[in-house]
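Trainee: Starting from these lines, generate the structure:
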Amino acid sequence: MTARDTLTAIAGPTGDIGAAFYFHPATVAAGKELGLNGFTFYILGRGGALGDVSPAIVSAAFGYFNPDTIATAWEKASATMTPSAAAQAYWDECGKRGTESFGGIDPEVLSAYVAAADIVIDHADLAAAPLFAGTAQLTCSENIAGRAMQKAAVLRELRGSVHLCAVLASGLSDAQAHAIKRPGDVAVFGWEEAPSVPIDGDDRMDAAEELTNTMLERAFFALTREQADALRAGTSAMHAALQSTD
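Mentor: Take a look at the predicted model:
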C-alpha cells in the first residue's frame, strides 16, 4: 500500500477513536468534579492545548463552531480553571478511556501502533496546525493502551487541522463545509440556521478531502512498510474494540 492508501485507510477510524473520549460519561463526570459541564470541559480541555489564549484563537483553531458559542464556553470555563490545567486533565481522561477500552488488545500491537504514529506526528508540518501542535506536546499516559488512544487523538487533530486549511483553499467557509458534511448538527455547533452553500458544494468538499490527503502524504511517506502495517493494524484493533462496546 502507498502512503496515501495508508492515510486514507485510517482516516475514518482514527476520527472515531480520537473523539471517543470527548463526551464519554466518565469524561463528563470528571469534568463535573472540576466544576465544568460536558461541553465546557470539551471546549476548555481540547482548546487548552493552545494555551491561555483569547476565544478568537480557539475559534480559529477549531473551525466549524459559531465563534460566539466558543467564546461563551471558553470564558465561562476559564474562570473555573486555567486552560493548560484543563488541557492536561482532559488529556488524562483520553488516556483513561484508552486504558479501559483497549486493555484486551495485544500490547505489542499497540506498542507498534504508537511507534508508527509517533513517526507520522514527528514528520508532520506544524504550519497552520496549532491545535495539532499543541495537543502533540501534552504528556501522554504510561499505559500503552491509554497512550495509543492519545496518539490516535493527536492524529485526529492533525487531519482536522489540515482539513480546515483544505476546506478554505477549496473555496468554502468552515461553516459551509460543516453544513454540507453534517447538516443535522448545525444547531449543535451554535448556528441558528445553516449558511447558504454553493451549488457545487459537494464537489468542493470532495476537492477538500483530496487536498487534505495530498497535504498529509509527506508525513506518511516516512513510514516503512512494516510501520504502515502496524499503524493500520493498531487502528483496526482499537476501532473494533470501540464498536464492540457500543
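Trainee: ok, and the closest non-adjacent residue to Val28?
Mentor: Computed as Cβ to Cβ, 6 or more residues apart in numbering, the closest residue to Val28 that is not its neighbour in sequence is Gly38, at 4.1 Å. Placement of C-beta: from N, CA and C, glycine included.
Trainee: er, Pro55 I mean
Mentor: Spatially, and ignoring its direct neighbours in sequence, Pro55 is nearest to Ala71 (3.7 Å; Cβ to Cβ, 6+ apart).
Trainee: and what of Ala85?
Mentor: Nearest non-adjacent residue to Ala85, counting by Cβ to Cβ, 6+ apart: Gly48, 7.5 Å away.
Trainee: that older thread, neighbours of the residue nearest to Val28, just the number please.
Mentor: Neighbours of Gly38 under the rule other Cβ atoms under 10 Å: 16.
Trainee: Could you do Ala127 as well?
Mentor: Ala127 has 9 nearby residues by other Cβ under 10 Å.
Trainee: ok, it - contacts?
Mentor: If a contact means Cβ atoms under 8 Å, 6 or more residues apart in numbering, then Ala127 has no contacts.
Trainee: low-confidence ranges in the chain?
Mentor: For the chain, applying pLDDT under 70 flags the ranges 246.
Trainee: Would you check how far apart the residue located most distally from the centre of it and Ile180 are?
Mentor: Centroid-distance maximum for the chain: Ile199 at 29.0 Å, with Cα atoms, centre = their mean. Distance of Ile199 to Ile180, given as Cβ to Cβ, to the nearest Å: 12 Å.
Trainee: next one: Ser141
Mentor: Counting by Cβ to Cβ, the gap from Ser141 to Ile180 is 36 Å.
Trainee: Excluding covalently adjacent residues, which one is nearest to Arg232?
Mentor: Leaving aside its chain neighbours, Arg232 sits nearest to Ala9 (5.7 Å; criterion: Cβ to Cβ, 6+ apart).
Trainee: What strand or helix carries the one you found?
Mentor: Assessed by DSSP states H and E, Ala9 sits inside helix 3-19.
Trainee: Can I get that helix as CSV, trimmed to CA atoms?
Mentor: Extracted C-alpha coordinates of helix 3-19, given in CSV (Å, rounded to 0.1, in the frame of the first residue of the first chain):
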residue,chain,number,x,y,z
ALA,A,3,1.4,6.3,1.9
ARG,A,4,-1.9,7.7,0.5
ASP,A,5,-3.5,4.3,0.8
THR,A,6,-2.4,4.1,4.5
LEU,A,7,-3.6,7.6,5.5
THR,A,8,-7.0,7.2,3.8
ALA,A,9,-7.5,3.8,5.3
ILE,A,10,-7.0,5.0,8.8
ALA,A,11,-8.8,8.4,8.4
GLY,A,12,-12.3,7.5,9.3
PRO,A,13,-11.5,5.0,12.1
THR,A,14,-8.9,7.4,13.6
GLY,A,15,-11.6,10.1,13.7
ASP,A,16,-13.8,7.8,15.7
ILE,A,17,-11.1,6.7,18.1
GLY,A,18,-9.7,10.1,18.7
ALA,A,19,-13.1,11.6,19.6
